[in-house]
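Chemist: Structure, please.
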Amino acid sequence: MIQKLIRRILNKKSAASGKATILPLRKHGITRDRISPCALKVCEELRAQRFAAFVVGGAVRDLVLGAEPKDYDVATDATPEQVRDVFRRSRIIGRRFRIVHVMCGRETIEVTTFRGQAAPVNGEDDEAEEGDDHRKSDSGRLLRDNVFGSQFEDAARRDFTVNALYYDPTTQEVWDYLNGMADLKRGVMRIIGDAETRYREDPVRMLRAVRLAAKLGFKLDAATQKPIRALAGLLQDVPKSRLFDEMLKLFHSGHALASAHRIREEGLHHGVLPLLDVILEQPMGERFITLALKSTDERVNAGKPVSPAFLFATLVWHEVLTRWQHYQTQDMRPLQALDEAMDDVIQTQVENLAIPRRYTAGMREIWGMQPRFLQRAGQRPFRLVENLKFRAGFDFLLLRCESGELDAQVGQWWERFQHASDEERNRMLIKDEAPARKRRRRGGKKPSAVESAAE
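Modeler: Okay, here's the model as predicted:
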């Protein structure tokens, strides 16, 4: 116990003085052969030009945890222009902070120059004048941050301690300035510096905290968690395209279900996906979303592709249903009511998340097919299975059946029909069901929005 206390005090002094705790291979277990060949090449060529070069961030974190990184970042003391001069296949991108993409075949390594302090780690007032390379909005959000600095300053400018680990492929050592390894072993997500200041600099950090905590199964440090609910409104000032990209990362993390619940628990959905709260409070809506996100997680973890259009179509489907039914009470024809409902919901989500048109078009196609699945007579089923988007629409139908929104028999019928021969399909056809629905109405039962549209 005393030894641990002494080690903790020494580590804090090391971080405060700007000196790294250097961990040998036996302390972290990351061997060179586990590093991407492209990342190794980038580090070696920068070192050959007498620059510092480290694999940094999420890749180091994942390797320590025994996971396979999806991508690799390299940090260096070379400027973006110097990095570009070293690598023929490279380009400088970014405005808020310039970075270099170095291409090796199909792999791209993101190379960043060590950043200087935009705000002191402990949140003291920064008396330095801010020039064009270092500007903030009135709310504290960083608009430009092209300030270069030392490796310690770069570590202090990163978001969380577990992402501020630097791996040296040459010596197979990990440099730890801010006790990130200790937090990694304890399963704690801790923001670097004053939480409120860091969230004001970049409100997206709040979403990242929740996403990474859900992905890694970590708990948020108390100081990291405390300001989130009060500052959630700052997400409204973030460019919508950034919010959309962050939501894609969140729902494609392989832990979408856990992330969705954590977003609501922390009060962040009001700034990003306000419909989530409404959906999860409805018994049928909650089951539908749970099944959709569980399916997404299974596909991601199995290495299968996931369609953003399908994902967002599931997240807001029950809002479409609610508005569809509302418009029909205003004597609007079912299909016209569905069009109006889709327009309303898509417009709301475009304003909130800047969903690209290529995805909203796919969402409309998936929703628009749903009434057609109840038309199982004549040539309609034959035409539907030939639709290029049939599989996406059918998978959506299965979620509706599994959640209890539709009779499971409907999904089973289409499962058989799509794999049957033409002769068998003709035998499966069901006579027009419209008269039966009319009889039910005379009996006093009101048809659902989907049943009405199917007529």
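Chemist: Which helix or which strand is home to residue 40?
Modeler: Applying DSSP states H and E as the criterion places residue 40 in helix 37-48.
Chemist: what about residue 391, neighbour count?
Modeler: As a burial measure, the neighbour count of residue 391 was computed by other C-beta atoms under 10 Å and equals 12. Every residue, glycine included, has its C-beta placed from N, CA and C.
Chemist: can you check residue 338 too?
Modeler: Counted with other C-beta under 10 Å, the neighbours of residue 338 add up to 26.
Chemist: what does residue 405 give?
Modeler: Counted with other C-beta under 10 Å, the burial measure for residue 405 works out to 19 neighbours.
Chemist: which residues does it contact?
Modeler: When the contact criterion is C-beta atoms under 8 Å, 6 or more residues apart in numbering, the partners of residue 405 are 284, 288.
Chemist: Just the pLDDT for it.
Modeler: Reading off the per-residue confidence, residue 405 sits at a pLDDT of 93.
Chemist: CA-only coordinates of stretch 237-257 in PDB, if you can.
Modeler: Only the C-alpha atoms of stretch 237-257 are listed here, as PDB (Å, rounded to 0.1, in the frame of the first residue of the first chain):
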ATOM      1  CA  ASP A 237     -22.900  25.300 -31.700                       C
ATOM      2  CA  VAL A 238     -20.900  22.400 -33.200                       C
ATOM      3  CA  PRO A 239     -20.900  22.200 -37.000                       C
ATOM      4  CA  LYS A 240     -23.600  19.600 -37.900                       C
ATOM      5  CA  SER A 241     -21.300  17.700 -40.200                       C
ATOM      6  CA  ARG A 242     -19.000  17.000 -37.200                       C
ATOM      7  CA  LEU A 243     -21.900  15.800 -35.100                       C
ATOM      8  CA  PHE A 244     -23.000  13.500 -37.800                       C
ATOM      9  CA  ASP A 245     -19.500  12.000 -38.100                       C
ATOM     10  CA  GLU A 246     -19.300  11.500 -34.400                       C
ATOM     11  CA  MET A 247     -22.700   9.800 -34.300                       C
ATOM     12  CA  LEU A 248     -21.600   7.500 -37.000                       C
ATOM     13  CA  LYS A 249     -18.500   6.500 -35.000                       C
ATOM     14  CA  LEU A 250     -20.600   6.000 -32.000                       C
ATOM     15  CA  PHE A 251     -23.200   3.800 -33.600                       C
ATOM     16  CA  HIS A 252     -20.500   1.900 -35.600                       C
ATOM     17  CA  SER A 253     -18.400   1.300 -32.600                       C
ATOM     18  CA  GLY A 254     -19.700  -2.300 -32.000                       C
ATOM     19  CA  HIS A 255     -21.200  -1.000 -28.800                       C
ATOM     20  CA  ALA A 256     -24.100   1.100 -30.200                       C
ATOM     21  CA  LEU A 257     -26.700  -0.200 -27.800                       C
END
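Chemist: which residues touch that stretch?
Modeler: 137, 139, 141, 203-204, 207-208, 210-211, 214-215, 235, 259-260, 263, 272-273, 290, 293-294, 296-297, 300-301, 306, 308, 311, 351-356.
Chemist: re earlier: by contact count, what packs against the helix or strand following the helix holding residue 40?
Modeler: Moving toward the C-terminus from helix 37-48, the next helix or strand (DSSP H and E) is strand 53-56. Under the contact criterion of 3 or more C-beta pairs under 8 Å, 6 or more residues apart in numbering; DSSP states H and E, the helices and strands touching strand 53-56 comprise helix 37-48, strand 73-76, strand 165-168.
Chemist: Nearest to residue 337, out of these?
Modeler: Ranking the helices and strands packed on strand 53-56 by their distance to residue 337 (criterion: C-beta to C-beta) puts strand 73-76 first, at 48.9 Å.
Chemist: what are the pairing partners of the closest one, and which direction each?
Modeler: With DSSP bridges as the criterion, the sheet partners recorded for strand 73-76 are strand 53-56 (antiparallel), strand 107-113 (parallel).
Chemist: For that strand, what is the distance to the chain centroid?
Modeler: Distance of strand 73-76 from its chain centroid, counting by C-alpha atoms, centre = their mean, to the nearest Å, is 23 Å.
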